[in-house]
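In: What follows is a predicted structure for the sequence shown.
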Amino acid sequence: MNYPLNNIPERPVKPRQKGITMVMDKGLSLRQTEDFIEVAGVHTDIVKLGWATSFVTPNLKEKLAIYKSAGIPTYFGGTLFEAFVIRNQFDDYCRVLDQFGMEYAEVSDGSITIEHEEKCEFINKLAKQVTVISEVGSKDAKKIFAPYKWIKLMNAEIEAGSWKVIAEAREGGNVGIYRDSGEVREGLVDEILTQIPEETIIWEAPQKEQQVWFIKLIGTNVNLGNIAPAEVIPLETIRLGLRGDTFDHFLNLNK
Amino acid sequence: MNYPLNNIPERPVKPRQKGITMVMDKGLSLRQTEDFIEVAGVHTDIVKLGWATSFVTPNLKEKLAIYKSAGIPTYFGGTLFEAFVIRNQFDDYCRVLDQFGMEYAEVSDGSITIEHEEKCEFINKLAKQVTVISEVGSKDAKKIFAPYKWIKLMNAEIEAGSWKVIAEAREGGNVGIYRDSGEVREGLVDEILTQIPEETIIWEAPQKEQQVWFIKLIGTNVNLGNIAPAEVIPLETIRLGLRGDTFDHFLNLNK
Amino acid sequence: MNYPLNNIPERPVKPRQKGITMVMDKGLSLRQTEDFIEVAGVHTDIVKLGWATSFVTPNLKEKLAIYKSAGIPTYFGGTLFEAFVIRNQFDDYCRVLDQFGMEYAEVSDGSITIEHEEKCEFINKLAKQVTVISEVGSKDAKKIFAPYKWIKLMNAEIEAGSWKVIAEAREGGNVGIYRDSGEVREGLVDEILTQIPEETIIWEAPQKEQQVWFIKLIGTNVNLGNIAPAEVIPLETIRLGLRGDTFDHFLNLNK
């Protein structure tokens, strides 16, 4: 860090299992990707190319190469997986992952309806080719699961081969673990944490208030996802108690 | 596109009359303009330099040259036209268009009050020099027209020489065709479409929910405007049914 | 400016005491900093590296050098000062300012609680080393002062050596001089202005509606702060009556 400041919470070094920041790139140019890495690369664990944006970005191969040379793994958003599956093109999807040299893939069912057993089979198949991140929770605000169901689904997906499970939110942050208002469904999160190890979960938390809430609940090194590129530096200060929102929280812990 | 995905809605190639994406640039640097074009140029039909931002941007000539060499037409926002008109400097405005080699111009009356006949005369005069886009609707949330009035104004402006008419919204998206809440005035839009060909209208839709709404109503190739540069790639995925918001919509159409 | 437009409000040239635009940089890359300066440098008086973001940005020295060579002064956000003070590291803070060649510093008590006399002593000490900007108002939405208290605090800080006093708002714009809704506390602002010269105050106004409000109340050349880099050009047009929001306001003044 740039100067000596005492009593700053510790962050593990990358690659790490806890304290992960997963960033969403929804269409950066090559220079913007380099700029992002210059500023925030050291704080970024993995980058998701949001939903199916990779389908329409002209600079895909070059962009993946930039992330790779910076040591930052990348993966395509789960909606792309779903777009292939709904078209009965799962084999094509595997070839696309291979063709672009992807080392990670996301399996989700946010926009499609499939049996959970079938989802787990997809996880299992893909886990032989890449590291799988799977997502629990629907993009549909009306599909609300009880906590025991979240836990059951997460456990089955981990069992099937997922490296981490993601707790779904939209880019705007208003479904899944959040209420319509963007507020966290606290009881749900508490109950999930009694059964699933916190380092196995990545919480999608695109809004600052959500990031603050998870950091206060779980601590500096909670895994957070769907962070906008320009918000990685602000998030890092929140993790360290160096922004107004968590300034008091960590000072009180140190007392 | 980067990989083979079946049953994707077709997009016409540029230059096109339908499926237009009009982008608002409110102060990009030269490099940012190049970056935008690298990522989204192929999906962008025309760029508006928002309202009178061109008055205070130091890099104007160079920026216009970058857009030109990428084959993307540009025009100054209608508020600039109005700023010249209210000062009795319309002739100066024509000279400015000439001096900067502009091939398009916007005629609007969002901030000034002029007789509609006078507005149509401005359209008519400018149409001899450039391609005219004219805007219907006030920036004043209190000035609400009945649907028949929208239709009458649009028809008169097309008659006077407008290439396309724009249905006004603010950058924030809350007047004209939108309610204060940002919600679309659906009855108004339906009625306009019974009388004006859809390819003649560009709907200002800066917010994602508005884009989704128009794409669901009119289809993949609706003309949409006031799109932020970083939102062109996301919009393109919404048009193609490759984002959660329209994923179901296009699948159901294909059934 | 790029073309002749009559009756445009005058802006003083930099360096200026009135009409200041203070920008918040919360993690620009070196190229993004250059891009920002290219577009908006001429309209920017001073840049704050937001709160303690400077602690975790890898490019700090190089970025400060870019701003310096463009003639734009910089300072670290007040939360950094507070982070040092709460750790009893004030002397380290002075050394950090020295080490990075800072010519400005902010003294605030938004996240810590100190006696106002002690705050004024910090202002007094730092004023011997750098130009001090001090901030009045808490980040805590529950800590609301009466107007006479704001005036008393501001006067004491000016007396202690502050060059300007900042009226606090959060980045999101919802505490201090603003209500929870983001709305300005008008009576408070009016009363402050009866006692404190307007050129001595910088109003934090990150949201467009807030900028519009202050420009309508105080005029083109009000001092505004916490402006996002991409919003400097839009703000400049609002100051000049060249955006819908203030288009009428300045025309009416000229009548």
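Out: On my side now, so go ahead. Because the structure is a prediction, the values reported are computed rather than measured. Residues are numbered from 1 along each chain as shown, chains lettered A, B, ... in the order given.
In: any weak-confidence spans in the stretch 151-255 of chain A?
Out: Counting by pLDDT under 70, the stretch 151-255 of chain A contains low-confidence ranges at A:169-175, A:253-255.
In: How about the residue nearest the centre of chain A, nearest residue that isn't a chain neighbour?
Out: Centroid-nearest residue in chain A: A:Gly225, 3.3 Å away (criterion: C-alpha atoms, centre = their mean). In space, and not counting its chain neighbours, A:Gly225 is closest to A:Met22: 3.7 Å by C-beta to C-beta, 6 or more residues apart in numbering or on different chains. Heads up, the C-betas are built off the backbone N, CA and C, glycines and all.
In: Backbone torsions only: list them for the one you found.
Out: Dihedral angles of A:Met22 (phi, psi; degrees, to the nearest 10) stand at phi -100, psi 130.
In: still on that earlier bit, gap between the residue nearest to the centre of chain A and chain C?
Out: 19 Å (C-beta to the nearest C-beta, to the nearest Å).
In: element containing that residue, please.
Out: For A:Gly225, the host element (DSSP states H and E) is strand A:224-227.
In: Check the offset of that strand from the chain's centre.
Out: 5 Å (C-alpha atoms, centre = their mean, to the nearest Å).
In: same question, stretch A:226-237
Out: Centroid separation between stretch A:226-237 and its chain, computed with C-alpha atoms, centre = their mean, is 13 Å.
In: Enumerate the residues of the stretch 1-150 of chain A near chain C.
Out: Within the stretch 1-150 of chain A, the residues that sit near chain C (C-beta under 8 Å from any C-beta of the partner chain) are A:1-7, A:31, A:34-36, A:38-40, A:42-43.
In: any idea which of those residues is least confident?
Out: On pLDDT alone, A:Met1 ranks lowest of those, at 83.
In: Correct me if wrong: it contacts C:Pro58.
Out: No. In this structure A:Met1 lies outside contact range of C:Pro58 using C-beta atoms under 8 Å: 9.5 Å.
In: The residue nearest to the centre of chain A: what's it in contact with?
Out: By C-beta atoms under 8 Å, 6 or more residues apart in numbering or on different chains, A:Gly225 lies in contact with A:20-22, A:24, A:48, A:166, A:202-205.
In: And these, which is closest to chain C?
Out: Closest approach to chain C among those (C-beta to the nearest C-beta): A:Thr21, at 11.7 Å.
In: Tell me the bridge partners for the residue nearest to A:Gly225.
Out: Assessed by DSSP bridges, A:Met22 has beta-bridge partners A:Ile46.
In: Tell me the pLDDT of it.
Out: For A:Met22, the pLDDT comes out at 98.
In: still on that earlier bit, for the strand holding A:Gly225, which strands pair with it and how are they oriented?
Out: By DSSP bridges, strand A:224-227 pairs with strand A:21-25 (parallel), strand A:201-204 (parallel).
In: does stretch A:105-113 come close to chain B?
Out: Yes. Against chain B, stretch A:105-113 shows contacts by C-beta under 8 Å from any C-beta at A:110-112.
In: Pull up the distance across that stretch, start to finish.
Out: 19 Å (C-alpha to C-alpha, to the nearest Å).
In: now stretch A:135-154
Out: 8 Å.
In: Touching that stretch from outside, list them.
Out: Here stretch A:135-154 makes contact (C-beta under 8 Å, 6+ apart) with A:78, A:106-111, A:116, A:157, A:165-170, A:174-177, A:180, A:187-188, A:191-192, A:195-196, A:200-201, B:244.
In: rerun at 7 Å
Out: Residues outside stretch A:135-154 that contact it (C-beta atoms under 7 Å, 6 or more residues apart in numbering or on different chains): A:78, A:106, A:108, A:110-111, A:116, A:157, A:165-168, A:170, A:175-177, A:180, A:188, A:191-192, A:195-196, B:244.
In: mind listing the strands in the stretch 101-250 of chain A by residue range?
Out: For the stretch 101-250 of chain A, the strands defined by DSSP state E, counting those that start in this stretch occupy A:104-107, A:131-136, A:162-167, A:201-204, A:224-227.
In: Could you work out which of those strands reaches nearest to B:Tyr67?
Out: strand A:224-227 (31.6 Å; C-beta to C-beta).
In: pretty sure A:Val96 contacts B:Pro4?
Out: No. Look at A:Val96 against B:Pro4 with C-beta atoms under 7 Å: they stay out of range, at 8.3 Å.
In: who in the stretch 51-200 of chain A is up against chain B?
Out: Residues of the stretch 51-200 of chain A lying close to chain B by C-beta under 7 Å from any C-beta of the partner chain are A:51-60, A:79, A:83-84, A:86-87, A:89, A:92, A:96, A:110-111, A:139.
In: can you rerun that using 6 Å?
Out: When proximity is defined as C-beta under 6 Å from any C-beta of the partner chain, the stretch 51-200 of chain A approaches chain B at A:51-53, A:55-56, A:60, A:83, A:87, A:96, A:111, A:139.
In: In helices, which of these fall?
Out: Of those, the ones assigned to helices by DSSP state H are A:60, A:83, A:96.
In: mind giving me JSON lines with the residues you listed and columns for distance to B:Gln129, pLDDT and neighbour count?
Out: Shown next, in JSON lines, are these (distance: C-beta to C-beta, whole Å; pLDDT from 0 to 100; neighbours: other C-beta atoms under 10 Å in any protein chain shown):
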{"residue": "A:Leu60", "distance to B:Gln129": "41", "pLDDT": "97", "neighbour count": "18"}
{"residue": "A:Ala83", "distance to B:Gln129": "46", "pLDDT": "97", "neighbour count": "29"}
{"residue": "A:Val96", "distance to B:Gln129": "49", "pLDDT": "98", "neighbour count": "21"}
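In: out of the residues you listed, who's nearest chain C?
Out: Proximity of these to chain C (C-beta to the nearest C-beta) peaks at A:Leu60, which lies at 21.6 Å.
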